[in-house]
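**Q** predicted coordinates and the sequence they were generated for:
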Amino acid sequence: MALVVQKYGGTSVADAERIKHVARRVAARRRQGDDLVVVVSAMGDTTDELIALAHQVSPEPEARELDLLLSTGEVVSCTLLAMALKALGQPAVALTGAQAGIGTDRRYGRARILRVDPSRIRSHLAEGRIVVVAGFQGITEEMDITTLGRGGSDTTAVALAAALGAERCEIYTDVEGIYTADPRIEPRARKLERISYEEMLELASQGARVMHSRAVELGWAYKVPIYVASSFSDAPGTLICEGGEEMEQRNRVMGIAHDSDVGRITVRGVPDRPGIAAAIFGPLAEAGISVDTIVQNASVERLTDLTFTVSRADLKRAAALVEPVAREIGASAVLTDDHLAKVSVVGAGMQSAPGYAARMFRALYEAGINIELITTSEIRITCLIDAGRVPEAVRALHQAFELEQG
Ligand code: ADP
Ligand code: ASP
Ligand code: MG
């Protein structure tokens, strides 16, 4: 008998019928003999609706209250799923993140899990119950409720799987697995049988929202096999696991990711002397704004341009923090742009073979898409492009790297 952690996303529990459908699937799996911990997201668009509601009563909702409010979405779905299971005659118990022993730091809206105390879950499992846990949330040492960031229920599931030593973590969602690109943008995208943690982490952190990147990170660190499949069918899904030799020898691009959540800030005419970058990025770090890509141009006559990207939601706040610093150091202007997106090609084989960058640039050029900025990691090349051209770019790259063929 194995211990398995399952997670069902928002679309999978969007209404009462779907919750009953999930309950039937979970109960059937339980009857096969596995011990089950089931993590759920909030129903449908609940989280978006709660955020909108908060903004209707306050222009800037307090982070602590906002997290407490958002955590209720997952409490609704986990209690309903436990009730549905019991209605099927299946012993079950619903737990909030706090009751499930998930301890986090105090960073509201993007809290990190510091510790998991799985003792209560273990004792419920020992009583023969299915344990249903509210995803996306935890509790600080001061007993305040926190949330883990959008898409964070995946991270709850993998963290519980690691803490419980589960055999694997199964993520059930509204697509049949991990594809070579978002199947909603590229209908010819191919479902992968397996993908390495490393490649999945790169795809997820570049916008493939099918997995929360921190969940992949945790799975990799604790060697939890993660299986991604559909909650609406029995089609075989994708296993995220350690990259085997054959994977690396395939020497090719594994997938394409896109991310339209890009805000760009350019500081023009920055004097080229030590300490300037620290002066600009210090206040951003203090304000908790995470900076993604940073590019500094070669200086011409001791003046350079500094360009970096942040999440679009942080763009205004970031610009307001950078402007006084720019004035102080004598930079000529601060420009912002919220019409950009990133497209990335990812593959472990890229690090050892030349030509990938040229192929990517040519495909975008032939599609008439201008590249605004380029960044790379060992296994990824990312181009910043006009946000309106994302679907075309994804399809052009999918074709250029022949991802339709297995
Ligand atoms: P859930 O609510 O179950 O957590 P999400 O909406 O967070 O589901 O993630 C699933 C979505 O991720 C899919 O509907 C799909 O549009 C998107 N997606 C993006 N990239 C990929 C990819 N490479 N493979 C599969 N799905 C992807
Ligand atoms: N309900 C949260 C969100 O919408 C967490 C999740 O679905 O994973 O972001
Ligand atoms: Mg998700």
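**A** Good, I have the coordinates. Ligands and ions are numbered 1, 2, ... in the order given.

**Q** now do residue 325 against ligand 3, distance only.
**A** 36 Å (Cβ to the ion, to the nearest Å). Yep, even glycine has a C-beta here, placed from its N, CA and C like the rest.

**Q** ditto for residue 345
**A** In terms of Cβ to the ion, residue 345 sits 22 Å off from ligand 3.

**Q** which strand or helix spans that residue?
**A** strand 333-346 (DSSP states H and E).

**Q** chain center to that strand: distance?
**A** Strand 333-346 sits 18 Å away from the centroid of its parent chain (Cα atoms, centre = their mean, to the nearest Å).

**Q** ditto for stretch 194-204
**A** 12 Å.

**Q** residues in contact with it: which ones?
**A** 178, 210-213, 215-217, 219-220, 226, 238-243, 247, 254-255, 257, 344, 346-348, 377, 379-380 (Cβ atoms under 8 Å, 6 or more residues apart in numbering).

**Q** among these, which ones lie close to ligand 1?
**A** 178, 210, 255 (Cβ under 6 Å from any ligand atom).

**Q** ok, of those, which one's closest to ligand 1?
**A** residue 210 (3.6 Å; Cβ to the nearest ligand atom).

**Q** double-check that the closest one belongs to a strand.
**A** No - the assignment for residue 210, made by DSSP: H, G, I helix; E, B strand; the rest coil, is coil rather than a strand.

**Q** ok, it - contacts?
**A** Going by Cβ under 8 Å, 6+ apart, the list of residues near residue 210 reads 173, 175, 178, 182, 204, 228.

**Q** tell me the SS of the residue in the stretch 101-250 of the chain that ligand 3 sits nearest to?
**A** Residue of the stretch 101-250 of the chain nearest ligand 3, by Cβ to the ion: residue 151 (4.2 Å). With three-state DSSP as the basis, residue 151 sits in coil.

**Q** stretch 46-62 vs ligand 2: in contact?
**A** Yes - residues of stretch 46-62 contacting ligand 2 under Cβ under 6 Å from any ligand atom: residue 47.

**Q** now that stretch: average pLDDT?
**A** Per-residue pLDDT over stretch 46-62 has a mean of 97.

**Q** and it, what's buried?
**A** Residues of stretch 46-62 classed as buried: 46-47, 50-51, 54, 61 (neighbour count, 16 or more other Cβ atoms under 10 Å).

**Q** which is the next helix or strand following the helix or strand of the chain with the lowest mean pLDDT?
**A** When the helices and strands of the chain are compared on mean pLDDT, DSSP states H and E, helix 245-249 comes out lowest with a mean of 55. Next along the chain after helix 245-249, taking DSSP H and E as the criterion, comes strand 255-271.

**Q** and that following strand, how far from the chain's centre?
**A** Centre to centre, stretch against its chain (Cα atoms, centre = their mean), the figure for strand 255-271 is 18 Å.

**Q** each with direction, which strands does it pair with?
**A** Strand 255-271 sits in its sheet next to strand 303-310 (antiparallel), strand 333-346 (antiparallel), going by DSSP bridges.

**Q** dump those strands into JSON lines; add mean pLDDT, mean neighbour count and distance to residue 196 as well.
**A** Shown next, in JSON lines, are these (pLDDT from 0 to 100; neighbours: other Cβ atoms under 10 Å; distance: least, Cβ to Cβ, whole Å):
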{"stretch": "strand 303-310", "mean pLDDT": "94", "mean neighbour count": "20", "distance to residue 196": "26"}
{"stretch": "strand 333-346", "mean pLDDT": "96", "mean neighbour count": "20", "distance to residue 196": "10"}
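
**Q** list the buried residues for the longest helix that the chain contains?
**A** For the chain, the helix with the greatest residue count under DSSP state H is helix 63-87. Counting neighbours by 16+ other Cβ under 10 Å, one finds that the buried residues in helix 63-87 are 63, 66-82, 84-86.
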